[in-house]
Structures are given as structure tokens and as C-alpha cells.
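Visitor: need a 3D model of the sequence below.
(one chain, ligands or ions: 2)
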Amino acid sequence: MSVIEVKDLYKRYGGIDALRGISLQVEPGQIYGLLGQNGAGKSTMVKILLGIVRITSGDAYLLGHPAGTTEVRKRVGYLPEDHSFPGYHTGESLLHFYGELYGMNRADRVKRIAESLDIVGLAKRGRSKIKTYSKGMKQRLGIAQSFFHDPEVIFLDEPTDGVDPVGRKEIRELLATLKDEGRTIFVNSHLLQEIELMCDRVAIMHKGEIVRTGTVAELTKTVERFSISLAPGTPFPAAEVKALGFNVESDDEETHIELKPGQSIDTVIDHLNAKGFRLRGVRESKQSLEDIFMELVEKAERGSTKRGVRVARAVSQTRRND
Ligand SMILES: Nc1ncnc2c1ncn2[C@@H]1O[C@H](COP(=O)(O)OP(=O)(O)OP(=O)(O)O)[C@@H](O)[C@H]1O
Ligand SMILES: [Mg+2]
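Guide: Ligands and ions are numbered 1, 2, ... in the order given. Predicted coordinates:
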């Protein structure tokens with residue numbers, strides 16, 4: 001059974017179509033990422049699954065029950081976006097408060113607080129007031145709150161928002177730990193790299209619609225590009241390779257070949273070898289999730305220029321090279 005199943009879901013707030021026919025499925029044990037720009041509808045999606053927001057039309061199931069069913073609430077954890085815990089609480093007192101809401105007795109709470117704070121790396125700061133915590137510490141405490149009652153599914157809405165790179169890495173590691181414990185995690189983010197680094201599967205959302213889904217590997221593999229360099233001073237036989245049906249583009253140092261479906265780079269390499277060319281290097285570069293995301297966003301925005309895509313390519317190229 002899927003942990004989350006959504007079919008043709010619509011949400012209209014007054015005159016705003018926040019969700020326009022969303023379908024998605026999340027399997028147990030996955031870290032599933034919902035990626036989209038501000039206003040794409042990510043938080044709305046999560047709030048519907050949790051029963052905080054009502055469905056306009058369509059179906060949404062969580063753990064086999066219609067979204068919002070109270071009996072599944074205990075099996076689900078949630079870190080809302082822009083949460084702010086009262087600063088006068090300490091990490092420990094906040095978790096006591098949540099534990100009481102879940103009906104846990106004092107002895108269980110004390111034990112679980114120690115475990116949870118340890119998992120999120122706040123064991124030493126549990127008795128400090130939240131107002132003395134950094135943003136990263138607050139987010140980690142928020143995550144501790146989300147898994148405190150041992151839920152099967154955890155929803156995290158922008159868990160790394162406002163957190164510095166070190167803190168983000170800690171949060172990613174924390175999610176991996178929670179996944180290893182067998183939980184399913186649903187993460188919302190507008191940060192491409194975060195999703196790329198932490199998720200098993202991704203849905204890219206744009207203006208209330210899902211425009212692509214797949215594993216990170218699948219999404220980054222859509223276009224396979226090889227960069228080939230020959231021995232110095234040898235011009236690449238572009239015309240011959242083009243005649244074999246390949247897309248060929250050369251710059252000063254390398255020749256780039258973008259494979260079409262069904263093509264294999266081996267055909268090119270065999271041809272070059274047969275013709276006596278000496279290869280100095282063959283490098284595969286995958287199109288990053290960022291490229292795909294930017295392209296989808298660009299395509300969806302009618303009348304926009306191609307500039308954004310080019311900028312994104314340049315950025316991801318730099319990242320690959322460093
Ligand atoms: N309570 C509400 N009443 C009216 N419109 C709303 C409400 N909540 C969200 N919206 C609108 O629905 C759309 C989707 O919003 P949502 O918060 O789901 O997006 P999001 O992808 O989470 O964005 P962000 O990255 O900024 O958090 C937006 O146009 C937003 O203005
Ligand atoms: Mg949001």
C-alpha cells in the first residue's frame with residue numbers, strides 16, 4: 001500500500017487555483033521531495049494531506065485513509081513552514097508539551113526527550129531557552145518535535161529554510177537517519193540542490209501542477225551528454241559523426257555529443273577507434289535537476305526568453321567542475 005496517494009486533486013482558495021489536478025504516489029521508506037517555486041502549491045498539498053485545508057475536488061489518501069482522518073494523525077509528524085516556537089520554552093519543555101498532547105506519561109516523555117534531542121544533536125542544549133537557539137537549532141528542534149511520537153510518516157515543509165550550509169548538511173543527515181529508521185519522509189522545498197541531495201524521488205511542481213516526477217537519477221539522466229577530447233592538434237571528425245546521426249558541437253577543447261533516445265556513445269567511440277583517432281578523454285555530464293527545473297519553469301512562462309536556461313546551465317556547469 002502506498003503511504004500517500006493523490007488523484008486529480010484540485011484546490012481553489014477564493015479566486016486562486018492553488019492545485020490544478022495533482023496526482024502523485026509515495027511509497028513506504030522513501031524520502032519524497034516536492035520541488036517548486038514560491039506559490040507553486042507545495043504547502044497547500046501538505047496541508048490537504050494533514051486535513052488542515054479542505055479539498056475542492058479529487059482524492060487524497062494518507063496511510064490508506066482519506067486525508068484528514070483523525071485516526072491517522074498519531075501516525076504522522078509535521079514540521080510546518082515558518083513555525084515559531086515560544087522563546088521562553090526550552091527544548092525539553094517544548095517536547096514535554098508536545099508529548100503531553102500525544103498523551104505520553106512523564107516517564108516515557110523524559111526517555112523520549114533524551115533520545116530525540118540526542119538524534120538532532122541538541123542533547124547539551126535541551127535546557128537552554130529556545131530564544132537562545134540559532135536558526136539551525138530551531139529547525140532541528142522542530143524536526144525533533146515532528147518525529148517525537150514515533151510516526152510512520154513525517155512531513156517537513158522547507159526544513160532547511162534560512163539554515164546555513166553546515167546546518168543544512170546536518171539536517172540532511174538527520175533525514176537520512178529518520179529514513180533508516182523506516183519512516184517515510186515528505187519534504188517541500190524551493191531549493192533545488194537540497195532536493196537533489198536528500199530525496200529518492202522528486203515531483204516538480206509549477207503553478208499548481210506537477211510537471212515532472214521521477215527519481216533524482218532519472219530526472220538528471222534525461223539528457224546524456226559526452227565530452228570527448230582527442231590527442232592535441234587532431235581535429236574532431238564532426239561531419240563523419242554527424243553522418244552517423246549524432247548531435248555534435250565542438251568548442252576549443254572538446255567535442256560535445258548529446259545522445260538522442262536509443263543512441264549509445266559506444267558507436268562514436270568505435271568509429272573513432274576504427275578510423276585511428278586517439279582519444280584523450282571521454283567525460284559524461286548529466287543534465288542537473290536544476291537545468292530541468294529551470295527549463296520547465298521557462299517553458300511554462302509564455303513569452304519568456306531562453307536566458308534563464310542558459311544561466312542555469314552555466315551555474316550547474318560551474319558546480320560540476322568544482
Ligand atoms: N489560505 C489561503 N487563502 C488564499 N490563498 C492562499 C492560501 N494559502 C495559499 N494560497 C495561495 O495558493 C497558492 C499556493 O500557495 P502555497 O502556500 O501552497 O505555495 P508554496 O508552494 O508552499 O509556496 P512557498 O514556497 O512560498 O511556501 C499561492 O498562490 C497562494 O497565494
Ligand atoms: Mg510553502
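Visitor: any idea which element residue 205 lies in?
Guide: Taking DSSP states H and E as the definition, residue 205 sits inside strand 201-206.
Visitor: who does that strand pair up with?
Guide: Paired strands of strand 201-206, with direction, are strand 31-36 (parallel), strand 209-215 (antiparallel) (DSSP bridges).
Visitor: and stretch 270-287, average pLDDT?
Guide: What stretch 270-287 shows for mean pLDDT is 90.
Visitor: show residues contacting that stretch.
Guide: Residues outside stretch 270-287 that contact it (C-beta atoms under 8 Å, 6 or more residues apart in numbering) are 220-232, 234, 237, 240-241, 244, 254, 265, 269, 316, 320. Where C-beta positions appear, they are placed from N, C-alpha and C, glycine not excepted.
Visitor: out of those, which end up buried?
Guide: Burial by neighbour count, judged by 16 or more other C-beta atoms under 10 Å, picks out 220, 224, 225, 226, 227, 228, 230, 237, 241, 254, 265, 316 from the contacts of stretch 270-287.
Visitor: ligand 1 contacts on the protein?
Guide: 13-14, 16, 18, 36, 38-44, 81, 190 (C-beta under 6 Å from any ligand atom).
Visitor: those residues in strands, which ones?
Guide: 13, 16, 18, 36 (DSSP state E).
Visitor: partners of the residue of the stretch 201-322 of the chain at minimum distance from ligand 2 in the sheet?
Guide: Residue nearest to ligand 2 within the stretch 201-322 of the chain: residue 205 (10.5 Å; C-beta to the ion). Beta-bridge pairing of residue 205 under DSSP bridges involves residue 36, residue 210.
Visitor: wait, it touches residue 211, no?
Guide: Yes: counting by C-beta atoms under 8 Å, residue 211 is a contact partner of residue 205 at 7.1 Å.
Visitor: the more surrounded of those two?
Guide: Between residue 205 and residue 211, counted using other C-beta atoms under 10 Å, residue 205 has the larger neighbour count: 26 against 18.
Visitor: and the more buried one, what is it in contact with?
Guide: When contacts are counted by C-beta under 8 Å, 6+ apart, residue 205 touches 22, 34, 35, 36, 40, 41, 42, 45, 211.
Visitor: would you format these as CSV with pLDDT and distance to residue 69 included?
Guide: Supplementary listing: these in CSV, determined by pLDDT from 0 to 100; distance: C-beta to C-beta, whole Å:
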residue, pLDDT, distance to residue 69
22, 96, 19
34, 96, 21
35, 93, 27
36, 91, 26
40, 93, 26
41, 96, 22
42, 96, 22
45, 97, 17
211, 86, 29
